[in-house]
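Visitor: sequence and predicted structure are below.
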Amino acid sequence: MPSDTILALRQIAKSFFGAEVLHGIDLEVVRGEVLGLVGENGAGKSTLMNILGGVWLRDRGTMELNGRPFEPANPKDAQAAGIAFIHQELSLFSNLTVAENIFIDELPTGPFWSVQYASMRSRAQEYIDTFGVQTTPGTKIASVPMGVRQTVEVTKALIKKAQIIIFDEPTTSLSQKEKENLFRIIDHLHREGGITVIYISHILEDVFSLCERIAVLRDGALVGVEQTARLTKPQVIKMMVGRDLEQIYPHGEKKIGDVVYQARGIAQGKAVQGVSMELRSGEVVGLFGLMGAGRTELVRCLFGVDKMDAGEVIFHGRKMKSISPKSCIRNGIAFVTEDRRQEGLLMSKPVKDNLVTVILDRLTQLLGMVSRSKESQESEKAIRELNIKVYDKNRQEVKSLSGGNQQKVVIGKWIMRNPSMFILDEPTRGVDVGAKHEIYVIINDMARHGATVLFVSSEMEELMGVCDRIMVIHRGKIVANFTKGEYDQERIMGFALGGEGS
């Protein structure tokens, strides 16, 4: 192993449910570099990193760390060896302070094992100053934003003398400002601290701006590792999906019909202030706004998840007397929430059980018994039509699926209900470019069959690529409406910022 190699993986393989998901991975990581690790959902990125982090044991292959055999039996072994894994779901205690979370595993103690709080706060302040985050050592984690929480996780890794820090989709819940601060921290870690960073992300623009090299996985195999300067985004996409994605956004013939959905004067506190809209059959309408603009609050009101203070909804010519999830489902409205893990899925249940959650009434026979044969037929149909990658629908828990496949399960359960309107809140968040393309095809197919789609996204490019019209929301109000021929990124962003475009 060359002297500048900190980590060497040789012929790493792993199987689940009898199916091999990693096929003999060979990868060397250079000391002090920022290595980008990319691939479609289900390509094996998280599996490979979980083996490195001691979460799972490999079936075959060897690992070397600093030139010595590396055999972590559990996460503690990996941490002791200097491997830190910062997951999307942060492992912090919300009822403890920033300083207490930083030192939770390394509490400074004095006589009679008493905790030295003054020393702990002082050392925590040093890290806060170094990373330039807006908080104090005594602030409870529950009250700080996601960017600060992530910095606390990084600091915990440094306290434990991490040599390698793995970031798994770290920007999913961050604002633009928080993301920029994270990138500054990562740059500091490897340039000033000599720490090796493995950066997993579906946002290729971020990978290109941060990483010195990019490693690409596809279907459990390493298809290439190259210097970032020698690659282009289209080349990486082709390596990821095995084909050119020249047409990321699908186009097909469809007919936009009459107005079928009208919302009038929807209001809820300060978040939603008198929103009115009209949506047509076969139409995909985007809703764009910055963080805190009221996008999610509005669609949660429209589906009745949160109670509106004022307003009315007319659907297919009839005023809906009550707005609740139950009445919306009964009337043919589906809602794909932005938080699929907490609100969209039963994570510990099998794929099949998740797919049939909203059609159980149709599967129920006499005496309230669910028809197992119909349940199996319907779930199998959804898996086949949406190309959900699953090894065993009856036993495999949905939490074991990749992010893109989890999202297809969420969408699939609603498609099985055959609704005439879909409300989609960030349906492509945290999924790779290949899975995004598949979701765009699904959305286009919904509209082609006459469904109305309200598509919420913080990615303006995808709204411009998928939608027939884009509404802009700012401080709880719809401030602009653009049809496809009028799209202009600067003007849309201008309205989103509270101006009038330019």
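Guide: All right, it came through fine. Numbering: from 1, shown residues only.

Visitor: does Leu65 really touch Ile6, like I thought?
Guide: Yes. Applying Cβ atoms under 8 Å, one finds Leu65 in contact with Ile6, separated by 7.0 Å. All C-beta spots, glycine's among them, are computed from the backbone N, C-alpha and C.

Visitor: which neighbours do those two share?
Guide: Listed as contacting both Leu65 and Ile6 by Cβ atoms under 8 Å, 6 or more residues apart in numbering are Gln163.

Visitor: leaving out chain neighbours, which residue sits closest to Ile203?
Guide: Thr171 (6.6 Å; Cβ to Cβ, 6 or more residues apart in numbering).

Visitor: check the residue sitting nearest the centre point of the chain and give its pLDDT.
Guide: In the chain, the centroid-proximal residue (Cα atoms, centre = their mean) is Gly430; its distance is 2.5 Å. We have a pLDDT of 73 for Gly430.

Visitor: all strands of the stretch 351-500 of the chain, in order?
Guide: 421-425, 452-456, 469-474, 477-483 (DSSP state E, counting those that start in this stretch).

Visitor: turn the ones you listed into CSV, columns for distance to Arg149.
Guide: Supplementary listing: those in CSV, determined by distance: least, Cβ to Cβ, whole Å:
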stretch, distance to Arg149
strand 421-425, 22
strand 452-456, 24
strand 469-474, 27
strand 477-483, 31
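
Visitor: so how far is Gly82 from the closest residue in space to the residue nearest to the centre of the chain that isn't next to it in sequence?
Guide: Spatial nearest neighbour of Gly430, chain neighbours left out: Gly403 (4.7 Å); criterion: Cβ to Cβ, 6+ apart. Look at Gly403 and Gly82: by Cβ to Cβ, to the nearest Å, they are 28 Å apart.

Visitor: which of these two has more neighbours?
Guide: Shown here are Gly403 and Gly82; by other Cβ atoms under 10 Å, Gly403 has more neighbours (22 against 18).

Visitor: mind checking how far that one is from Phe17?
Guide: 19 Å.

Visitor: phi, psi of the residue nearest to the centre of the chain?
Guide: Dihedral pair for Gly430: phi 70, psi 20, per degrees, to the nearest 10.

Visitor: confirm for me that it is in contact with Glu169.
Guide: Yes. Counting by Cβ under 8 Å, Gly430 does reach Glu169; the two are 5.8 Å apart.

Visitor: coming back round to it: who's in contact with the residue nearest to Ile203?
Guide: Taking Cβ under 8 Å, 6+ apart as the criterion, Thr171 is in contact with 179, 182, 201, 203, 206.

Visitor: tell me which two in those are the farthest apart.
Guide: Leu182 and Ile203 (12.1 Å; Cβ to Cβ).

Visitor: look at those two and report which has more neighbours.
Guide: The neighbour comparison of Leu182 against Ile203 (other Cβ under 10 Å) goes to Leu182, with 21 against 18.

Visitor: doesn't the more buried one lie inside a helix?
Guide: Yes. Per DSSP: H, G, I helix; E, B strand; the rest coil, Leu182 lies within a helix segment.

Visitor: surely it is in contact with Ser175?
Guide: No. Leu182 is beyond contact range of Ser175, at 10.5 Å (criterion: Cβ under 8 Å).

Visitor: domain parsing of the chain, as residue ranges.
Guide: Listed by automatic domain parsing, the domain ranges of the chain are 5-241, 257-332+420-502, 346-418.

Visitor: reformat those domains as JSON lines; add distance to Tyr249.
Guide: Formatted as JSON lines, these follow (distance: least, Cβ to Cβ, whole Å):
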{"stretch": "domain 5-241", "distance to Tyr249": "13"}
{"stretch": "domain 257-332+420-502", "distance to Tyr249": "3"}
{"stretch": "domain 346-418", "distance to Tyr249": "17"}
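
Visitor: so where's the protein uncertain?
Guide: Scanning the chain for pLDDT under 70 picks out 1-3, 88-90, 108, 243-247, 366-367, 500-502.
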